[in-house]
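>>> fold the following.
(chains A and B)
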2 protein chains.
Amino acid sequence: MANITKKVSWSSRGDESGGGERTPLLNGSEEVRYTRQLSGDGGMFHIGRLSTVDLEEDMTSDEDAGCPKEIPHNEKLLSLKYESLDYDNSENQLFLEEERRMSFLGFKCLEISRWVICGLIGFLTGLIACCIDIAVENLAGVKYFVVKQNIEKFTEVGGLSISLILWAVLNAAFVMVGAVIVAFFEPGAAGSGIPQIKCYLNGVKIPRVVRLKTLVVKVCGVICSVAGGLAVGKEGPMIHSGAVVAAGVSQGRSTSLKKDFKIFEYFRRDTEKRDFVSAGAAAGVSAAFGAPVGGVLFSLEEGASFWNQMLTWRIKPGDLSSPGLINFGRFESDSVAYNLYEIPLFIVMGAAGGLLGALFNILNYWLTIFRIRYVHRPCLQVMEAMLVAAVTATVSFAMIYFSNDCQPLGPDQSEDYPLQLFCADGEYNSMATAFFNTPERSVRSLFHNPPGSYNPLTLSLFTLTYFFLACWTYGLTVSAGVFIPSLLIGAAWGRLFGILLASITPDGSIWADPGKYALIGAAAQLGGIVRMTLSLTVIMVEATGNVTYGLPIMLVLLTAKIVGDYFVEGLYDIHIKLQSVPFLHLEAPATSHWLTAREVMSAPVTCFNRIEKVGTIVDVLSNTSTNHNGFPVVVPVAASDDMGKVCGLILRSQLIVLLKHKVFVELARSRLTQRKLQLKDFRDAYPRFPPIQSIHVSQDERECMMDLTEFMNPTPYTVPQETSLPRVFKLFRALGLRHLVVVDGENRVVGLVTRKDLARYHLGKHGLEEMQLAQT
Amino acid sequence: MANITKKVSWSSRGDESGGGERTPLLNGSEEVRYTRQLSGDGGMFHIGRLSTVDLEEDMTSDEDAGCPKEIPHNEKLLSLKYESLDYDNSENQLFLEEERRMSFLGFKCLEISRWVICGLIGFLTGLIACCIDIAVENLAGVKYFVVKQNIEKFTEVGGLSISLILWAVLNAAFVMVGAVIVAFFEPGAAGSGIPQIKCYLNGVKIPRVVRLKTLVVKVCGVICSVAGGLAVGKEGPMIHSGAVVAAGVSQGRSTSLKKDFKIFEYFRRDTEKRDFVSAGAAAGVSAAFGAPVGGVLFSLEEGASFWNQMLTWRIKPGDLSSPGLINFGRFESDSVAYNLYEIPLFIVMGAAGGLLGALFNILNYWLTIFRIRYVHRPCLQVMEAMLVAAVTATVSFAMIYFSNDCQPLGPDQSEDYPLQLFCADGEYNSMATAFFNTPERSVRSLFHNPPGSYNPLTLSLFTLTYFFLACWTYGLTVSAGVFIPSLLIGAAWGRLFGILLASITPDGSIWADPGKYALIGAAAQLGGIVRMTLSLTVIMVEATGNVTYGLPIMLVLLTAKIVGDYFVEGLYDIHIKLQSVPFLHLEAPATSHWLTAREVMSAPVTCFNRIEKVGTIVDVLSNTSTNHNGFPVVVPVAASDDMGKVCGLILRSQLIVLLKHKVFVELARSRLTQRKLQLKDFRDAYPRFPPIQSIHVSQDERECMMDLTEFMNPTPYTVPQETSLPRVFKLFRALGLRHLVVVDGENRVVGLVTRKDLARYHLGKHGLEEMQLAQT
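Now for the predicted structure:
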């Protein structure tokens, strides 16, 4: 009890702040720039630290997300806004006692509930995907019917501009609804959702990303934007939906609905939830593309960070419910064999896809920067979305109007929505088909329509316009994915390539099936934009129902990735960077061996004693300028007075629960009345722990002491100060840590490494670069 | 320099021994048994420690493998024979200096060489696979020709027993050659090689597993055993070959050939080599099945342990060279669609596959135990292999002789090796087809021959005999895989099932295509035996060239795995266990939370000082009774005299190199003449570091000192004593550690956790069990 009165003497520093030695940087927009000359031929590294100050009141509650108060200006910035998830279990006494009490049978039961949950996730995800699909088809059908009637009315008599206006207004109205609900109710539902899920699985707590409200807005939003004729797909949102469903089902309750089913309580922690979210994303892919294996791989490749191998086969039963909504039609094996001499052609197409993908990404990058700077008010965002919808309609209409690519209406009626326009009876306008259909149907037509269905001019015009439309559309404040538009662009230029090839080679028309080249082009374009390889190969194979193209598709995706990576990152990574998310990649930057834990850590650190005064804890937690989330617990060293030996680690969330339940030791009455807290109390509060402001602590209580021994993690991972950055990185990444304590030879706390300290370093064009930290 | 004279006072304990507190156990075959009563309802755990003593002279050199001197009796034993690999880089000063000197461009070059190596691996693996294939086909062709002529000669005139003898002798001769080279020259080449590669990737150093000699013996051995008509496949050996090729190519030299190309020196360490071996195994699968994606997945699922994500797409170009040697023929999409009501049937087949697989594994387990006990002399092993070959020939012959299942010889000549026997002209004996063909061809026939090609009796007899033959064959001292035999058994009973189904249902003949059921049966049987799921699905899909069956195959494999796991482990895992390999599974046993580092670690530990006397080091390394491989380096604590604070970790291999190069500080002349050692010196010695006995240290030199500072890893991972076993396990497994130092609150060394300390605990039928350690 001698420790009790010891005052914590060093100043505050914890998780999500640039405090400590960086404190001066936080006092204004000043910039400290220093260069470091390496011994040897290491060259010069410019390390700039620019910290903009805009300390927000309290960011622990994740309610206050949405529109950041200050806008990050470039990708070289790392936001301090994002918290991390605890992917390393806090193995405190309570937890260990529970695990030790649990019998062998108990673990078996847990295993079975995991299966049940995965089954539920698969079923519900499939259901939601079906709903989206049916709603989109029906709305598109109604729209087609109305517009077609109108066009037919005016084709002969002139005055098609009225049709144009009707079309544009209809589209804009759909999109407006979609944009309004996203912009005003749940900004987290914007975009495809894949970058957000990727961050979540990486360990970044993106606010509100797995909420029920997000799910509802996402589903309604994607229906509106697809029905509104935007150049978007519905696959990304389906994947996001799967993840939300998983997060909800696995917790056995909904905080939004205030309903607790009192089941699956064991899974109420970040580690377990993460595994289910991975499974949910896989179920989403599975439902969207009918690609169960691809789904699992997708989670592996994109979720990258952590993969519980057990999941691999737990996900699968969930996939049963997936009818495979998107089906690109089956390639019949006979007609589509490829020759060995076509492989170089495929590789050329892959390179083209990489180039076009890089162009797409760069344009979208500039556009997104523009949007972040100028279009960040909800009403502006809605207006932009409507503008895009109207422009899309107008451009499409113009293209259709001026094209005279008439095709005979086949007896098999392969087009659901043919438009006759100025064509002869029994013919339809093929440009109209390309534009008027939902993108999925257009992709299917490009893959499977017989040679001659499209003329080259139509295709090149279509590619050009659709490329820019899709690029403009991605990043709008609507719920929409980029998979299908990418495929469509690629399929269009791929088919064009195939047609040209057939015309310039003597026997080209025999082997150069345009549908085949459309498929390769689609893969190349998608690979160039999103830069996935393995999972995408399997998804494409599963979606087209043909294995023949496995190898070419893989080659094409690989080429596209290499070529694209030379210029710019993948689209999702760009958007993650632009959100200034502290995303940890697979490995530390190659040239970072000269950095050690001492240099990257934040110091000094706010520590607590094993038995700490309640007032001290409340003061530290209430300090809005630091807002730490993890605190080493120390035992003071007898001899010296400055640093304590680390003996544990406690989280802000745990302290909050302790304070809320008033787990105090009242020394005045000299008896221990510390209330016995259960693991259940922590689980009930998870994941939305109340902010410290909402907890009232009286003056008397402030004088009490709190015994942290039982609740802290007694065995936090530690590293010596001399540990190199790649080594720290590997430990941090492999174990999914949130805080890593840096100690000296005596086991005394000297610093704390958090996600931001590691994410700050990244590889630029010419070597290691350090990003700036900002509060936005 | 004050530390120099400090004597290491605590007794010896290091890596691969049961020393320390377990020392008494090593002094005889005594058995210490104690029970541990848990608080709560944890129940009783019997922890038996039985240590047989048979300390071998020196086991650091991996030359002395092959036949263990004492035979492990059951799977509850853990061998101390196996060393671990260092999958955690030793980041000592030399290494860090090199990394820091390397420019950004240097890293780019490394990246390119990685690609080049992967390309070479793919190319060479493909080449080897082709050679195997061509050799097998030619030998089988010759054998068929000879036997056929002979049979035709005797069919009419009687005296077929001469044909039988000819056949049996031919087969036995082939097998004898295969068995002799394996048993006498390279026992490591026995079996499929997949368990060995699995262990290698897990971090266990299986002696001689990636040697050139192993490759040569493996390739010749598999050709002989397949040509010898054994019930074996050549896929496992191809995978093993890929891994050996990878290990060789990536090192840029061959120790066996004493040829050093002086290239790729950077990759001469366990971490890099492991990544390439993964890639090689993937290339092997790719070459064997023509399944590039499946190959990558295979490495993921089986290599389980570590997966460098970058590999995923680095492997692929290598796959280009794979022509897909095994091709089960393409299922045409039209004929093979399945109905939803067939799904339950598939699941039933999956369950049957799981049961039959479990039966196979249990029988093989007993057989292997028998072999370990009684058939461990090379000549006995060769004789057993020849016996199996002769029996296989006899049984096949008997079956063919007594069967009268004549089928018309189709115009398309789908059988390459038809045997007429007693059939009418223009007909062939279908039983003979099933037995006489190479297994791959038989599988193809079962999948694709039209309904009616086989009669049910033939199939059931064939299934029965082949099941037992395959079971007897696996584990023989020949180089042979189990993939194809499993597929063949499954295809046979699957086809049988299909035929029966068609006959008992009214309209069965329309939908119950026997080929389809053969495919499902093959998947079920293979899944039941090897228990892979995801990778196997993709391999099957890629090998059959049809995606339609992706979902059913996945379901069937999953069912087979669940049913099979209920009874017994997968075949590979059984063989790994029977070798007493300290294999670390993905997660710590569920009920192991009550164990802490203090209980699992080995103590006391042999430590060295930063500046240590050469004589002490030589003595410790020469101590054959302990044979440690890693030593914490400590700084003595001023006050006390018993324990030092950890400041580094040094490996036996590093010390050996230091001793070899006489990196001594000669204190007598009071000047530092320590030779500057380069990282290159360590790389040149890798991976076959000389034994300590081969290094002569004079009496004068023994009095010198050695400064370890520069060579030790200054930042070893450490954990506190209270860390729970799952937490230790996670750290150990995630980072690929070999030694984990356990420290107290003062950072003083209290113990060392090695692979064996963790692998000792495993989950039995009723909870946690502890395995015995043995020197065999």
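
>>> for chain B, what are the nearby residues on the stretch 501-650 of chain A?
A:533-534, A:537-538, A:541-542, A:545-548, A:550-551, A:554-555, A:558, A:561, A:586-587, A:590-591, A:593-594, A:635, A:645, A:647 (Cβ under 8 Å from any Cβ of the partner chain). No exception for glycine: its C-beta is placed from N, CA and C like everyone else's.

>>> list the ones among these that fall in helices.
A:534, A:537-538, A:541-542, A:550-551, A:554-555, A:558, A:561 (DSSP state H).

>>> okay, those in CSV with distance to B:Thr438, neighbour count and pLDDT next?
Below are these laid out as CSV (distance: Cβ to Cβ, whole Å; neighbours: other Cβ atoms under 10 Å in any protein chain shown; pLDDT from 0 to 100):
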residue, distance to B:Thr438, neighbour count, pLDDT
A:Leu534, 32, 25, 70
A:Thr537, 31, 28, 75
A:Val538, 30, 31, 75
A:Val541, 29, 25, 75
A:Glu542, 31, 26, 72
A:Gly550, 25, 23, 76
A:Leu551, 25, 23, 76
A:Met554, 29, 28, 81
A:Leu555, 31, 25, 83
A:Leu558, 34, 21, 85
A:Lys561, 39, 23, 89
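
>>> in JSON lines, list the residues you listed along with distance to A:Glu272.
What follows is these, written out as JSON lines (distance: Cβ to Cβ, whole Å):
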{"residue": "A:Leu534", "distance to A:Glu272": "26"}
{"residue": "A:Thr537", "distance to A:Glu272": "31"}
{"residue": "A:Val538", "distance to A:Glu272": "27"}
{"residue": "A:Val541", "distance to A:Glu272": "32"}
{"residue": "A:Glu542", "distance to A:Glu272": "29"}
{"residue": "A:Gly550", "distance to A:Glu272": "35"}
{"residue": "A:Leu551", "distance to A:Glu272": "39"}
{"residue": "A:Met554", "distance to A:Glu272": "34"}
{"residue": "A:Leu555", "distance to A:Glu272": "39"}
{"residue": "A:Leu558", "distance to A:Glu272": "35"}
{"residue": "A:Lys561", "distance to A:Glu272": "33"}
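
>>> nearest to B:Ile692 among those residues?
A:Leu534 (45.7 Å; Cβ to Cβ).

>>> next structured bit after whichever strand or helix holds A:Phe732?
Taking DSSP states H and E as the definition, one finds A:Phe732 inside helix A:725-735. Helices and strands here follow DSSP H and E; after helix A:725-735, the next one along the chain is strand A:739-743.

>>> neighbouring strands - and their directions - for that next one?
Strand A:739-743 has the following strand partners under DSSP bridges: strand A:718-720 (parallel), strand A:749-754 (antiparallel).

>>> other residues contacting that strand?
Contact with strand A:739-743 is made by A:15, A:597-598, A:601, A:603, A:605, A:629-630, A:632, A:646, A:649, A:716-721, A:723, A:728, A:731-732, A:749-754, B:747, as judged by Cβ atoms under 8 Å, 6 or more residues apart in numbering or on different chains.

>>> out of the residues you listed, which are buried?
A:15, A:597, A:601, A:603, A:605, A:629-630, A:632, A:646, A:649, A:716-721, A:723, A:728, A:731-732, A:749-754, B:747 (16 or more other Cβ atoms under 10 Å in any protein chain shown).

>>> can you list the low-confidence ranges for chain A?
A:1-75, A:291-338, A:409-422, A:507-510, A:512, A:545-546, A:638-642, A:666-675, A:775-776 (pLDDT under 70).

>>> please state the offset of the longest helix along chain A from the chain centre?
In chain A, with assignment by DSSP H, the single longest helix is helix A:104-157. Averaging C-alpha positions (Cα atoms, centre = their mean, to the nearest Å) puts helix A:104-157 21 Å from its chain's average.

>>> counting contacts, what elements does it pack onto?
helix A:160-180, helix A:212-227, helix A:235-251, helix A:270-289, helix A:309-319 (3 or more Cβ pairs under 8 Å, 6 or more residues apart in numbering or on different chains; DSSP states H and E).

>>> those helices into JSON lines, with extra columns for distance to A:Ile112 and mean neighbour count?
Listed next are the helices and strands packed on helix A:104-157 as JSON lines, based on distance: least, Cβ to Cβ, whole Å; neighbours: other Cβ atoms under 10 Å in any protein chain shown:
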{"stretch": "helix A:160-180", "distance to A:Ile112": "40", "mean neighbour count": "21"}
{"stretch": "helix A:212-227", "distance to A:Ile112": "26", "mean neighbour count": "24"}
{"stretch": "helix A:235-251", "distance to A:Ile112": "14", "mean neighbour count": "29"}
{"stretch": "helix A:270-289", "distance to A:Ile112": "15", "mean neighbour count": "29"}
{"stretch": "helix A:309-319", "distance to A:Ile112": "11", "mean neighbour count": "22"}
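
>>> out of these, nearest to A:Ala358?
helix A:235-251 (20.2 Å).

>>> what angle sits between that closest one and helix A:104-157?
With axes from the mean of the first three to the mean of the last three Cα atoms, to 10 degrees defining the directions, helix A:235-251 sits at 150 degrees from helix A:104-157.

>>> how about residues contacting the helix or strand following helix A:235-251?
For helix A:235-251, the following helix or strand on the C-terminal side (DSSP H and E) is strand A:253-254. Contacting residues not belonging to strand A:253-254 are listed as A:212, A:248, A:259-262 [Cβ under 8 Å, 6+ apart].

>>> what's around A:Arg100, how many residues?
18 (other Cβ atoms under 10 Å in any protein chain shown).

>>> what's the helix or strand for it?
helix A:93-101.

>>> which other helices and strands contact that helix?
helix A:679-685.

>>> chain center to the helix it packs on, what's the gap?
28 Å.

>>> return the set of buried residues in it.
A:679, A:681-683, A:685.

>>> tell me which of the strands paired with strand A:739-743 lies nearest to A:Glu384.
Across the strands paired with strand A:739-743, closest to A:Glu384 is strand A:749-754 (Cβ to Cβ), at 36.0 Å.

>>> next SSE downstream of the closest one?
Next element after strand A:749-754 (DSSP H and E): helix A:755-759.

>>> now do that next one: distance to the chain's middle.
Worked out by Cα atoms, centre = their mean, helix A:755-759 lies 18 Å from the chain centre.

>>> can you check stretch A:623-632 too?
That offset, for stretch A:623-632, works out to 26 Å (Cα atoms, centre = their mean).

>>> using CSV, write down the CA coordinates of it.
Provided in CSV are the C-alpha atoms of stretch A:623-632 (Å, rounded to 0.1, in the frame of the first residue of the first chain):
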residue,chain,number,x,y,z
ASN,A,623,-7.8,15.9,-20.5
THR,A,624,-9.2,16.6,-23.9
SER,A,625,-5.9,17.8,-25.2
THR,A,626,-4.3,14.3,-25.0
ASN,A,627,-7.2,11.9,-25.1
HIS,A,628,-5.1,8.8,-24.4
ASN,A,629,-6.6,5.3,-24.7
GLY,A,630,-4.0,3.1,-23.1
PHE,A,631,-2.0,3.5,-20.0
PRO,A,632,0.9,1.4,-18.8
